[in-house]
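Undergrad: curious how this folds, go ahead:
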Amino acid sequence: MELTINHTTKIFDVLPENLEALIAMELPEKKKGIAVALNNRIIPQSFWAETFLNNKDSILIITATQGG
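TA: Okay, here's the model as predicted:
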C-alpha cells in the first residue's frame with residue numbers, strides 16, 4: 001500500500017492505523033508545531049486519532065521552525 005507524504009511516495013506493508021500513528025512514525029521527536037493536510041484538506045490535531053488512512057492518500061506535513 002502506498003501514501004504520498006510531502007510529495008514523496010512511500011510504500012507500507014500495512015498502512016498506519018490513523019493519521020496520529022503516521023505522524024508518530026514520521027516525526028517521533030516532534031509533538032508541537034505540526035500542521036497536516038490529508039488530500040488537500042487540513043485536519044486539526046484533535047481529529048488525527050479518528051482520521052483513518054486509505055491507500056493512495058496524499059499527506060502534507062508542515063512543521064514550524066525557530067529562527068529568523
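
Undergrad: torsion angles phi and psi at the residue nearest the centre of the chain?
TA: By Cα atoms, centre = their mean, the chain has its centre lying nearest to I23, at 4.8 Å. Reported as degrees, to the nearest 10, the phi and psi values for I23 are phi -60, psi -40.

Undergrad: spit out the contact partners of it.
TA: 34, 36, 48, 61 (Cβ atoms under 8 Å, 6 or more residues apart in numbering). In this view, the C-beta of every residue, glycine as well, is placed from N, C-alpha and C.

Undergrad: would TSV of those with secondary structure, pLDDT and distance to N6 be doable?
TA: What follows is those, written out as TSV (DSSP: H, G, I helix; E, B strand; the rest coil; pLDDT from 0 to 100; distance: Cβ to Cβ, whole Å):
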residue	secondary structure	pLDDT	distance to N6
I34	strand	94	12
V36	strand	97	11
W48	helix	96	16
I61	strand	96	6
